[in-house]
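J.: sequence-free structure coming up:
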């Protein structure tokens, strides 16, 4: 039993097939369904399991090496989110100080994993690859400041979908309504999953006991959809970062003989041209009152009545 356990949890970075594209699964099972689908399609799967411990720098270095070997790879991350489950809020009320310390430690682990994921995400972006970050939709960790910052910095787009719409069923074959969420920069994933919501045309099984562990794995139907999206990635265009306060202050800082150049992120509005030379900020020239009187007289004649 111990030998089998060691074999099942041994580090597995590269699948048996090396194909046209690669997928890096971060914090996954040694025999993940997604990895099997990718490998069976003759593509490359790089798994980073719990046994490899993604908190370690040497594990991150392995991921960076894979990204270098497979430019354009897709990173599919689902770091542990136990601290954000609804059950933990109940456990805190029941467990007291000891349970609070446990959840605090889980959050610290999450922060370390997210920090290392950021390193990998930067590298995959430079290699023209794409990123996906998945958690249950109701996970409270989505509201953590560091998680929000990660999504903002990489300009990831959200897509929500339901397990029963992508083939998730119980051991009895009952559809299971597990609300999932992915933040990604791959438009193909958004297009594939945006309509995968429960149509309320069936009853759902209960996610409890052994069924809870079953929902931790992606169903085959979802894995096929994800793999298809990985193979034809469409990078969602990123927007220009807004100018910082310091940049805005620099553009407003003027002297008599020198004007501070505008930062690169600030450009003129479309179709707007400015006159050459320095702008005059003096008072507007006064019009001749007689010219004003003539124009008013003409206006009154057009109205067909005298001015009051």
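T.: Sure thing, it's come through. In this text, all values refer to a predicted model and were calculated from it rather than measured experimentally. Numbering: from 1, shown residues only.

J.: quick one: low-confidence ranges for the stretch 1-150 of the chain?
T.: For the stretch 1-150 of the chain, the stretches with pLDDT under 70 are 1-20.

J.: what about the helices in it?
T.: 2-9, 33-40, 57-69, 86-126, 145-153 (DSSP state H, counting those that start in this stretch).

J.: which one of those lies nearest to residue 222?
T.: Set against residue 222 and scored by CB to CB, the helices of the stretch 1-150 of the chain come closest in helix 33-40, at 8.2 Å. For every residue, glycine as well, the C-beta is placed using N, CA and C.

J.: strands of the protein, start to end?
T.: Residue ranges of the strands in the chain, as given by DSSP state E, are 22-28, 44-49, 74-77, 130-136, 157-162, 179-184.

J.: including distance to residue 58, could those strands go into TSV?
T.: Output for those, formatted as TSV (distance: least, CB to CB, whole Å):
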stretch	distance to residue 58
strand 22-28	15
strand 44-49	11
strand 74-77	18
strand 130-136	22
strand 157-162	32
strand 179-184	27
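
J.: what's the most buried one of these?
T.: A comparison of the strands of the chain by mean neighbour count, using mean count of other CB atoms under 10 Å, puts strand 74-77 on top with a mean of 26.

J.: which strands or helices does that one pack on?
T.: With contacts defined as 3 or more CB pairs under 8 Å, 6 or more residues apart in numbering; DSSP states H and E, strand 74-77 has these neighbours: strand 22-28, helix 86-126, strand 130-136, helix 220-231.

J.: now do that strand: distance to the chain's middle.
T.: The chain centroid and the centroid of strand 74-77 are separated by 11 Å under CA atoms, centre = their mean, to the nearest Å.

J.: stretch 196-213 too?
T.: Between the centre of stretch 196-213 and the centre of its chain there are 26 Å (CA atoms, centre = their mean).

J.: pull out the buried positions in it.
T.: 196, 204, 205, 207, 211 (16 or more other CB atoms under 10 Å).

J.: out of these, who's nearest residue 133?
T.: residue 196 (17.6 Å).

J.: pretty sure that closest one contacts residue 166?
T.: Yes - at 5.3 Å, residue 196 counts as touching residue 166 under the criterion of CB atoms under 8 Å.

J.: residues shared between the contacts of those two?
T.: residue 225 (CB atoms under 8 Å, 6 or more residues apart in numbering).

J.: mean neighbour count, the helices of the stretch 1-150 of the chain: which tops it?
T.: helix 33-40 (a mean of 20).

J.: what's in contact with that one?
T.: By CB under 8 Å, 6+ apart, helix 33-40 touches 15-17, 23, 25, 28, 44-45, 47, 76, 217-220, 223-224, 226-227, 230.

J.: can you tell which of the helices of the stretch 1-150 of the chain is closest to residue 170?
T.: helix 33-40 (16.1 Å).

J.: the inter-axis angle of that closest one versus helix 220-231?
T.: Put simply, helix 33-40 runs at 60 degrees to helix 220-231, going by axes from the mean of the first three to the mean of the last three CA atoms, to 10 degrees.

J.: quick revisit: just send the helices of the stretch 1-150 of the chain back as CSV, with distance to residue 132 too.
T.: Converted to CSV, those look like this (distance: least, CB to CB, whole Å):
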stretch, distance to residue 132
helix 2-9, 24
helix 33-40, 11
helix 57-69, 15
helix 86-126, 10
helix 145-153, 12
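
J.: right, and the ones you listed - which one's nearest residue 188?
T.: helix 33-40 (15.0 Å).

J.: circling back to that earlier point, could you dump the helices and strands packed on strand 74-77 to JSON lines with distance to residue 54?
T.: Below are the helices and strands packed on strand 74-77 laid out as JSON lines (distance: least, CB to CB, whole Å):
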{"stretch": "strand 22-28", "distance to residue 54": "6"}
{"stretch": "helix 86-126", "distance to residue 54": "6"}
{"stretch": "strand 130-136", "distance to residue 54": "13"}
{"stretch": "helix 220-231", "distance to residue 54": "20"}
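
J.: nearest to residue 175, out of those?
T.: helix 220-231 (11.8 Å).

J.: now do the contacts for residue 81.
T.: By CB under 8 Å, 6+ apart, the neighbours of residue 81 are 110, 135, 136, 139, 141.

J.: if we use 10 Å, what do you get?
T.: 27, 88, 106, 110, 113, 134-136, 139-142, 147 (CB atoms under 10 Å, 6 or more residues apart in numbering).

J.: what's the answer for residue 169, then?
T.: Contacts of residue 169 by CB under 10 Å, 6+ apart are 163, 175, 176, 204, 205, 211, 214, 219, 221.
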